[in-house]
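1. With the input below, show me the fold.
(chains A and B)
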Protein chains: 2
Amino acid sequence: MSAGITEAELRELDARDPLASARSLFEVPEGMIYLDGNSLGAMPRAAPERLQALTREQWGVDLNSCWSGRGWLDLPITVGDKIARLIGAAPGEVVAGDSTSVNLFKLLCAAADLRPGRRTILTEDRNFPSDLYIAQGIERFVAGGLRVKLVPREELVGAIDDDTAVVMLTHVDFRSGYLHDMAEIGRSAAERGALVLWDLSHSAGIYPLDVNGCGVDLAVGCGYKYFNGGPGAPAYLFVARRHQDAMHQPLCGWLGHAQPFQFATEYRPAAGIVRMICGTPSVLGLATLDVGVDLLLGHDMAEMRRKSVALTGAFIGLVQQMCEGAGFELRSPADAARRGSQVSLAHPRAERLIAALAERRVIGDFRSPDILRFGFAPLYVRYLDIWDAVLTLKAAVDSA
Amino acid sequence: MSAGITEAELRELDARDPLASARSLFEVPEGMIYLDGNSLGAMPRAAPERLQALTREQWGVDLNSCWSGRGWLDLPITVGDKIARLIGAAPGEVVAGDSTSVNLFKLLCAAADLRPGRRTILTEDRNFPSDLYIAQGIERFVAGGLRVKLVPREELVGAIDDDTAVVMLTHVDFRSGYLHDMAEIGRSAAERGALVLWDLSHSAGIYPLDVNGCGVDLAVGCGYKYFNGGPGAPAYLFVARRHQDAMHQPLCGWLGHAQPFQFATEYRPAAGIVRMICGTPSVLGLATLDVGVDLLLGHDMAEMRRKSVALTGAFIGLVQQMCEGAGFELRSPADAARRGSQVSLAHPRAERLIAALAERRVIGDFRSPDILRFGFAPLYVRYLDIWDAVLTLKAAVDSA
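-> Numbering: from 1, shown residues only, chains lettered A, B, ... in the order given. Got it, this is the predicted structure:
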């Protein structure tokens, strides 16, 4: 262990961390090591003030005229355009609103509509369950006989065929943190004429995404994880410009209409991404999400990725170093290039250990049946936190 | 005009109004007469504080553990159960969340699934356009060849036939304020084996609804109008208990799963109304909606309806009295029993008049092509406001 990671070394990394000052922009409770930002991001300190301004200075003062006068009606687009910069999309390719599941439903239906002869939604069997459920809902309800095909990850690329309307995947696996090769899968799908739809919920905000560079057709993502947009924050969806005008989606509410305030009887989709909007935007949620997104835009994403790789690497190294023989098994890729900002460990007493850690103010997640899952948000997790977290993990496993 | 309504009389009504004190629970800007609560409800004074507590004392302190520890995950149900009391539903028959349009989509698909041999969604041609658009989206996308049939109001009951899966109506017409006879339409639909689905967006919160007493099968409604739940507040949906276990909906996200935290690959719907939930609840929106709903529950709905009828009646009477010959035409029912808490006037210069009123701090809505629409929220609109509003309307039309 003499060649191992030392506490001093981690302190030194914090001292030299170009992102160190970002932590002060978040409310991280004293004494808590929060490794759960991939479940619910920490609160930006600016969020409560934004909500105060929105309520006391807008809603309470100008009421209904805020929809145009304060830009409320445009929030799906203005916040969407900012999110576009975080994922490598262009302005007018992203709208914010609804939940990830609702957006996924819109896009899967729209994808099938763009590929009318094809009847398969292809995905991997380890995909995020809620995404699978939405696809199953479509299987039952949507015209044209769509079916969901689940294959193991290794067989995925080979399974894309002439019947594949859309390949639906989550960029970072919620259990293991495995990070798909977006460009490679994009090429394989394009070669076979299939669309590709990514769920970016566990990669956007911690990874320098380039959806347009990777030929992504469609994407959805979550606002309350690494975007720090608040509990149940609105989600977003991306549609590559080239698909927008041919695109139809079933949740065609009034704010996706070309002229919503004409109140015409017939639906006529707006030009561009606006047609993907459905009902009235959730203003409180979007404004809070906007705070989280602004905060990310104020920092360099390549730098965040560097720190994220260093944090997960240090965590893995320290678990090996401190917890040898304690029964942990690494379930995340050892190769940093294939790893999101997450480390998952399997342990037979995982659930009890996550509870014991929480009692000691180290917050991770249990994922059934035996996974301890830790997320590393590079803007507010410190290198020294890794030392303390693994020390606490060691103490928990020793006394459990 | 000697027998007309006098200012003194309206002052007297305010002095005797049992709801008068409710106004102090809202933030109504000094000097503004806000007759637009049917578009965006005024802000409850308690809303900003609730958001402060939610952010500074919950999200910022306990982060992810709030989902269970602070009841965040249950908000769709706890707020739904409160809304149930406002519409005559039982606990476990309402969930709050998503937008009205998304909820309508869920319920229309579920209704078709409950009536598999029938292929018609029947509605009136004057229904709220966003509701029509959602039905049109289903027409295009949903399996089984559903079609939307629009008929004039007078022909509606006669048009319910053996092919009608569901009669979809808005209880109060957004243009005219016409209030449907819910019980009568319910009987007609039931006789012919059709389901009935009501959009309560313009009646819940100002009318003593009794969905179970009127045999309603399904309903949706908006959180940001008379519920005062904030801009773009989450909506809600109602499913009568008798339908819940046979009910399937296409937006089957993880929080409608029987065991969401098992993360199983196959969707298995939760028992009861929970299966109508889709993604992660919008906590900021639901908490703010909860404030508005609590405020309504603190007042007697029959009393609110009495005042609402008196307010709209006084407004109509005063327009006749003060604006004779000015070109206004009443577009709302003269019969108070058929009128929601709204008065619509047609005028050739409607758009300009609404703008002129707004300059004079009297807030109504323009609805294309020629409607001036005024909503009367009985908890914060005063009788004297009616006098001042019509006086201002008179001044506006005289100078326009």
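
2. Would you mind giving the secondary structure of the residue nearest to A:Gln52 when sequence neighbours are not counted?
-> Leaving aside its sequence neighbours, A:Gln52 sits nearest to B:Pro48 (CB to CB, 6 or more residues apart in numbering or on different chains; 6.0 Å). In this view, the C-beta of every residue, glycine as well, is placed from N, C-alpha and C. Here B:Pro48 is recorded as helix under DSSP: H, G, I helix; E, B strand; the rest coil.

3. Okay, buried residues for the host helix or strand of A:Gln321 please.
-> Element membership for A:Gln321 (DSSP states H and E) is helix A:301-322. For helix A:301-322, burial by neighbour count (16 or more other CB atoms under 10 Å in any protein chain shown) applies to A:301, A:304-316, A:318-319, A:321-322.

4. Ok, stretch A:184-195 next?
-> By neighbour count with 16+ other CB under 10 Å, stretch A:184-195 contains the buried residues A:Ile185, A:Gly186, A:Ser188, A:Ala189, A:Ala194, A:Leu195.

5. doesn't A:Ala111 make contact with the last one?
-> Yes: in this structure A:Leu195 lies within contact range of A:Ala111 using CB atoms under 8 Å: 4.9 Å.

6. can you list residues touching both of these two?
-> A:Ala165, A:Val166, A:Asp217, A:Leu218 (CB atoms under 8 Å, 6 or more residues apart in numbering or on different chains).

7. okay, the closest residue to the third one other than its chain neighbours: pLDDT?
-> I take that to be A:Asp217. With sequence-adjacent residues excluded and distances taken as CB to CB, 6+ apart, A:Asp217 is closest to A:Leu195, at 4.2 Å. Note for A:Leu195: predicted pLDDT of 98.

8. who touches A:Leu195 in this structure?
-> Applying CB under 8 Å, 6+ apart, we find A:Leu195 in contact with A:Ala111, A:Leu114, A:Arg115, A:Ala165, A:Val166, A:Val167, A:Ala189, A:Asp217, A:Leu218, A:His243.

9. What about those, which are in helices?
-> If you go by DSSP state H, the contacts of A:Leu195 have A:Ala111, A:Leu114, A:Ala189, A:His243 in helices.

10. As TSV, these with pLDDT would be great.
-> Below are the ones in helices among the contacts of A:Leu195 laid out as TSV (pLDDT from 0 to 100):
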residue	pLDDT
A:Ala111	96
A:Leu114	95
A:Ala189	98
A:His243	98
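
11. Which of those has the largest number of neighbours?
-> Greatest neighbour count in the ones in helices among the contacts of A:Leu195, by other CB atoms under 10 Å in any protein chain shown, goes to A:Ala111: 26 neighbours.

12. tally of neighbours for the residue of the stretch 151-300 of chain A found nearest chain B?
-> The nearest approach of the stretch 151-300 of chain A to chain B comes at A:Gly279, 3.0 Å away (CB to the nearest CB). Applying other CB under 10 Å, we find 26 residues neighbouring A:Gly279.

13. pLDDT wise, what is A:Ala395 at?
-> A:Ala395 carries a pLDDT score of 97 in this model.

14. Mind giving me the packing neighbours of the helix or strand where it lies?
-> According to DSSP H and E, A:Ala395 maps onto helix A:383-399. On a contact count with 3 or more CB pairs under 8 Å, 6 or more residues apart in numbering or on different chains; DSSP states H and E, helix A:383-399 meets helix A:7-16, strand A:33-34, helix A:301-322, helix A:350-359, strand A:362-363.
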